[in-house]
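Q: Here you go, sequence then predicted model.
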Amino acid sequence: MEKLPLLVLKIIILQKMLNISDKRIDSKVDKSAYGAFQILQTRSVTQWLIRVMAIISILAFVSLFLPWTQNIRAKGYVNTLRPSDRPQSIQSLIGGRIEKWYVMEGERVQTGDTIAQLSEVKEEYLDPEILMRTQNQINAKKESSGAYEDKAENLVDQYYALLASRDIKLKQNEIKRKQVLLKITSDSIDLVAAQTKRAIAENQLIRMEELFKDGLKSLTDLEAKRLSIREAEAKVVSLENKLRENRNEIDNIDANIIEIKNSFQDKIAKSRSDMNAAKSEQYNADAEVNKLQSQYNAYEVRQKNYFITSPIDGMVTKAMQSGIGEMIKNGDDLVTIMPDNYELAVEMYVEPVDVPLLEIGQKVRVQFDGWPSIVFSGWPNASVGTFGGQVYAIDNFISDNGKYRVLVAEDPSEIPWPEEVRVGGGANTITLLKNVKLGYEIWRQLNGFPPDYYASSNTNEIKTKAPLKKVK
């Protein structure tokens, strides 16, 4: 038992466990009476199947050498190339109540067409004559400003008049002072002459007294000399007093000059203060005028905004507000307008690992939702219903969905995109990379290697511009 092979040993053990007999009974059964035995005896592989499998194998081997275009597939949606061509939401700059609608959804409008009319709801703007009253306030403030301006000009004239009067007064005192100085000089000369004359009279009196003692002169002559000396002394005293008076006059003139300066300094300071006060009031009035003018302009612009107009040519696609008498706030959307002329583009989102393989101007095949197409991603020439595009812009930052946004514009060298395509529709994109053999591509996919990258000749720029699409 120990020398039997392991497989035989296992079979014997299994027969013992299942109680299987080793006696055969197939010779006792009529196999022709049962169709199952005939099916089992029929061959499972026919010559026809072998030929088909051989042909398929040969074709599969040959297809390994067919050219294959590596690609990056991504999903996106149709948009416009320029932000100004996208659906525009028209907002109200002011809050108010809707009084009347001038358009309907689906209706075409031109630039400047009235969309809706609003009425005022705020208390400070309810006065129907608010513009006229504000203008009257502006005119009154302008008159007040003009009055203050005239007052300031008069005070300026008064200021310069005071300066001129002060200068005249000081000049008069200076002339008078010079005149007194001349008198002092003249009186000083006269005083010196009188003192000399007195000294001569004194000498003559002494000699006269000696002659009178000698009997040579009479008493009358002596008394005449004595009278002469008294007159000379009186003359000296008179001139001395006059000289003192002139000197005192000089002191009075100097004091008067100081008084004139102080007096006019006070008047000039007061005049300057009044002049500055008038100018300050004028400036305040001008500031009030500017403030009221700004308020008037705001009222005027606000009244102009009672009528909401279309800034572009397009079609009203959706009304955000409805009904008459509905209250809206400033900044609320009223309607959405789709521009007539726009330049289509496709926004596709690619994985971060594929972004380094993209470049500006790279060729892209686009399949639009709702547009019949047969797509062979590796054979773009054999695809039907796809349209040509080229990479226009690549975002430098990742989007919220974890992918990078790539903008694809229409390729002018390809068939134009269909006019039936609308903004917001879905699109599948195939970004074309390097041309390789199909076998190499299968090998790359099985091994998980990235696609091959090569730089094209139109890097970083698109020489042609996609034409504008105009809705008919």
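A: Sure thing, it's come through.

Q: contacts, neighbours, all on C-alpha from now
A: Noted.

Q: and residue 442, which of the three is it?
A: helix (DSSP: H, G, I helix; E, B strand; the rest coil).

Q: Next one: it from residue 58, what distance?
A: 17 Å (Cα to Cα, to the nearest Å).

Q: where do the helices sit along the stretch 351-472 of the chain?
A: Assigned helices in the stretch 351-472 of the chain, in chain order: 438-447 (criterion: DSSP state H, counting those that start in this stretch).

Q: Check what pLDDT residue 314 gets.
A: We have a pLDDT of 88 for residue 314.

Q: and the one helix or strand residue 177 maps to, what does it pack onto?
A: Assessed by DSSP states H and E, residue 177 sits inside helix 130-214. Helix 130-214 sits against helix 219-304, with contacts defined as 3 or more Cα pairs under 8 Å, 6 or more residues apart in numbering; DSSP states H and E.

Q: Confirm that residue 99 sits in a strand.
A: Yes: under three-state DSSP, residue 99 falls within a strand.

Q: Cross-check the contact I'm expecting between it and residue 328.
A: No: counting by Cα atoms under 8 Å, residue 99 does not reach residue 328; the two are 11.3 Å apart.

Q: how far away is the closest residue to residue 267 other than its chain neighbours from residue 268?
A: Sequence neighbours aside, residue 162 is the residue nearest to residue 267 in space, at 7.4 Å (criterion: Cα to Cα, 6 or more residues apart in numbering). Using Cα to Cα, we find residue 162 at a distance of 6 Å from residue 268.

Q: what's the answer for residue 296, then?
A: On the measure of Cα to Cα, residue 296 and residue 268 end up 41 Å apart.

Q: now residue 191
A: Separation of residue 191 from residue 268 (Cα to Cα) stands at 44 Å.

Q: Repeat that for residue 325.
A: With Cα to Cα as the criterion, residue 325 and residue 268 are 67 Å apart.

Q: Show me which of those two is the more surrounded one.
A: When neighbours are counted by other Cα atoms under 10 Å, residue 325 and residue 268 differ, and residue 268 comes out ahead with 19 against 13.

Q: Tell me who's in contact with the more buried one.
A: 159, 162-163 (Cα atoms under 8 Å, 6 or more residues apart in numbering).

Q: ok, now residue 169?
A: Residue 169 is in contact with residue 260, counting by Cα under 8 Å, 6+ apart.

Q: Shouldn't residue 322 be within a strand?
A: No: looking at residue 322 with three-state DSSP, it is coil, so not inside a strand.

Q: Tell me how far it lies from residue 336.
A: From residue 322 to residue 336 the distance is 13 Å (Cα to Cα).

Q: again, but for residue 143
A: Relative to residue 336, residue 143 is positioned 49 Å away (Cα to Cα).

Q: What are the contacting residues of the longest strand along the chain?
A: For the chain, the longest strand by residue count, based on DSSP state E, is strand 67-80. For strand 67-80, contacts defined as Cα under 8 Å, 6+ apart pick out 86, 342-350, 354, 377-380, 421-438, 441, 451-452.

Q: what pairs with it, and is each one parallel or antiparallel?
A: Looking at strand 67-80 with DSSP bridges, its partner strands are strand 344-350 (antiparallel), strand 426-437 (antiparallel).

Q: Which one's more surrounded, residue 143 and residue 336?
A: Neighbours were counted for residue 143 and for residue 336 using other Cα under 10 Å; residue 336 has more, 19 against 13.

Q: Can you tell me what sits against the helix or strand hosting that one?
A: Assigned by DSSP H and E, residue 336 belongs to strand 333-339. When contacts are defined by Cα under 8 Å, 6+ apart, strand 333-339 is touched by residues 85-92, 312-321.

Q: what number of residues lie near residue 122?
A: The burial count for residue 122: 10, using other Cα under 10 Å.

Q: got a list of what it touches?
A: Going by Cα under 8 Å, 6+ apart, residue 122 touches residue 96.

Q: Can you pull the phi and psi angles for it?
A: phi -80, psi 140 (degrees, to the nearest 10).

Q: now swap in residue 216 and tell me
A: phi -80, psi -30.

Q: shift numbering so it begins at 56
A: Fine by me, first position is 56 from now on; the one you just mentioned is residue 271.

Q: got a pLDDT number for it?
A: 72.

Q: cool, and residue 65?
A: Per-residue confidence (pLDDT) for residue 65: 66.

Q: How about residue 187?
A: pLDDT, residue 187: 89.

Q: Okay, now the sheet partners of the strand holding residue 391, with direction.
A: Short version: by DSSP bridges, strand 388-394 pairs with strand 143-146 (antiparallel), strand 369-374 (antiparallel).

Q: These: which one's closest to residue 355?
A: strand 143-146 (18.7 Å; Cα to Cα).

Q: before we move on, the earlier item: make CSV from the strands paired with strand 122-135 and add distance to residue 443 to it.
A: Formatted as CSV, these follow (distance: least, Cα to Cα, whole Å):
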stretch, distance to residue 443
strand 399-405, 11
strand 481-492, 10
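
Q: what residue of this protein is the furthest out?
A: Farthest-out residue of the chain from its mean C-alpha position, per Cα atoms, centre = their mean: residue 270, at 125.9 Å.

Q: Can you give me the buried ones in stretch 163-172?
A: Using 16 or more other Cα atoms under 10 Å as the test for burial, stretch 163-172 gives 163-164, 168-172.

Q: what's the answer for stretch 373-388, then?
A: Within stretch 373-388, the residues that count as buried by 16+ other Cα under 10 Å are 374, 383, 387-388.

Q: That concludes my questions; thank you for your assistance.
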